[in-house]
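[1] Mind looking at a prediction? Sequence and model below.
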Amino acid sequence: MVSLRRFFALLACGLVSTSLALAQTASMTGRVTDGSGATVPGVEIRVRQIATAAERTIQTNESGLYSIPLLPTGEYEAFIKHGGFKPIVRSGIVLAIDQRAELNFVLEVGAMTEQIEVRRSVSRLNTVEASQGQVIDNQRIVEMPLNGRNYIDLALMSGGAVQEAPGSRLGGFSSGGQRVSQNDYLMDGLDNNSVELAGAGRRAEMVQPSIDAIQEFKVQTSAYAAEFGRGMGGVVNLTIKSGTNDIHGSAFEFVRNEIFDAKNFFPPVGASKPPFKRNQYGMSLGGPVVIPKLYNGRNKSFFFGDFESTRIRETATVANTLPTLKMRGGDFSELSKRVNDPTTGLQFPGNVIPLSRLDSVAANLVKLYPTPQSANLANNFTFLRPGSRTWTSGTSARTRTWARRTMRSSGSAGTTPSCRTRRVCQHRRMAAAIWTTSPKAIMWARAGITFSRRT
């Protein structure tokens, strides 16, 4: 099954279109005119990302139009220069994930020694496409209270998004009245939807990154472009942080304990509260790649990594129904329902199956069950089930060329003491690179794989 899941995961990655790969970045478009409104061709436009000092330079075409795709999210400055006109410097340009920002410039006649400075942020009003969505930035992701630090809860801030129906196997949210399975999850432009059959992983996305590693994400709920496809629900488009010229990091731990909890209704009288301990801890660190006396990567090379682990040690109170002592020997006289002989279709006398008709394998298997604690036919065995769950995730990234690996591992105990613990590990690995060969040529390549293992 693992190899089959890998195959379908690779096939899905291969079907991702080029336009979809651009969805986790931003772009700038616009027109350059002079004071009379005439378009100006051949104008040099240079944009610089504040955090990394990465620059891109292009020129307007014969119609005075320009387009700068594949810009990482963040704050930018724009420099516009053309002979016979005053240069323009515009700062405060903040680009969000999947944003198509339209910035038009008007040149004024003057000397090149003069300069026009504009300090104004880009409006979030979308004049390029008709899609409806909400961008959730890192500040809101980190500072708003989240139960379990699950960023998907913030998707409910988007119009048309509501909580999933009770008992949903996938969790998440419902968009536009669609099933939660109709949502599409993307991480850095690649598919992050669960590949497990029938929602066996109990989540719609394959892996969930730490909120300290998320730069921002966008939830689109209607009228999004055909480049996304897949489902009729919402699109969750997420991008991971990258390093900058400044060193940034975080460290955290969140603790829960049974001493803060009320006692469960089902334990026997006088029993103590079931043990429960939950620790969620981690760290993140990003900055320039600097090796003293060997390499200075400022403005060129950056790193970012994070680690988060959630450990839950709990003992749950479980009320089970086990076969009574009479039933173990084939005596079902305690039941009001008829027990029929499969060979004749008639009821066994007194609902008692003769010992000679009992299967030897079944007779041995039933001995593995513990003895009921009461004579009740239902809920006759209560025990404290120990369990341990661990979720671990990590991300590593570099600007321009990067690789990422995320793993989620969890385990749960069985419903009776004799059942063994089950464990599932979900993995996501990807690599990507971008090359700007000229102002008119950009190459963007990426590959990824998502798979799971169960033991």
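    Thanks, I have the structure now.
[2] Not counting stretch 165-175 itself, show me its contacts.
    Counting contacts by CB atoms under 8 Å, 6 or more residues apart in numbering, the residues outside stretch 165-175 that touch it are 152, 155-156, 158, 160-164, 180-183, 194, 198-199, 202-205, 219, 221-222, 233-234. All C-beta atoms are positioned from the backbone trio N, CA, C, and that covers glycine.
[3] need the contact list for the residue lying closest to P354 once chain neighbours are set aside.
    Of all residues not flanking P354 in the chain, G330 sits nearest, at 7.0 Å (CB to CB, 6 or more residues apart in numbering). For G330, the contacting residues are 352-355, 357-358, by CB under 8 Å, 6+ apart.
[4] go with 10 Å
    G330 makes contacts with 339, 348, 351-358, 362-363, as judged by CB atoms under 10 Å, 6 or more residues apart in numbering.
[5] now swap in I291 and tell me
    G297.
[6] and it, bridged to which residues?
    Y295 (DSSP bridges).
[7] Quick check: the gap between it and I247.
    Taking CB to CB, to the nearest Å as the criterion, I291 is separated from I247 by 14 Å.
[8] Kindly report the same for I136.
    Remark: distance between I136 and I247 (CB to CB) = 25 Å.
[9] quick one on the thing from earlier: and the contacts of stretch 165-175, which of them are buried?
    Applying 16 or more other CB atoms under 10 Å to the contacts of stretch 165-175, the neighbour count classes 152, 155, 158, 160-161, 164, 180-183, 194, 203-205, 219, 221-222, 233-234 as buried.
[10] Show only the entries of those found in strands.
    161, 219, 221-222 (DSSP state E).
[11] wait, which of these is closest to S272?
    Here the nearest of these to S272, counting by CB to CB, is A161; it sits at 41.8 Å.
[12] Now do the longest strand seen in the chain: distance to the chain's middle.
    Assignment by DSSP E gives strand 302-320 as the longest strand of the chain. On the basis of CA atoms, centre = their mean, to the nearest Å, the separation between the geometric centre of strand 302-320 and that of its chain is 16 Å.
[13] what bits of the stretch 101-250 of the chain have low per-residue confidence?
    For the stretch 101-250 of the chain, the stretches flagged by pLDDT under 70 are 112-114, 119-131, 197-202.
[14] at 80 instead, please
    The stretch 101-250 of the chain contains residues with pLDDT under 80 at 111-133, 167-169, 194-203, 207, 222-231.
[15] Quick one: the strands in it, in order.
    Listed in chain order, the strands found in the stretch 101-250 of the chain under DSSP state E, counting those that start in this stretch are 105-106, 116-119, 132-137, 161-163, 173-175, 184-187, 190-191, 214-222, 235-240, 248-257.
[16] so where's the stretch 301-450 of the chain shaky on pLDDT?
    Regions of the stretch 301-450 of the chain meeting the criterion pLDDT under 80 cover residues 314-318, 382-450.
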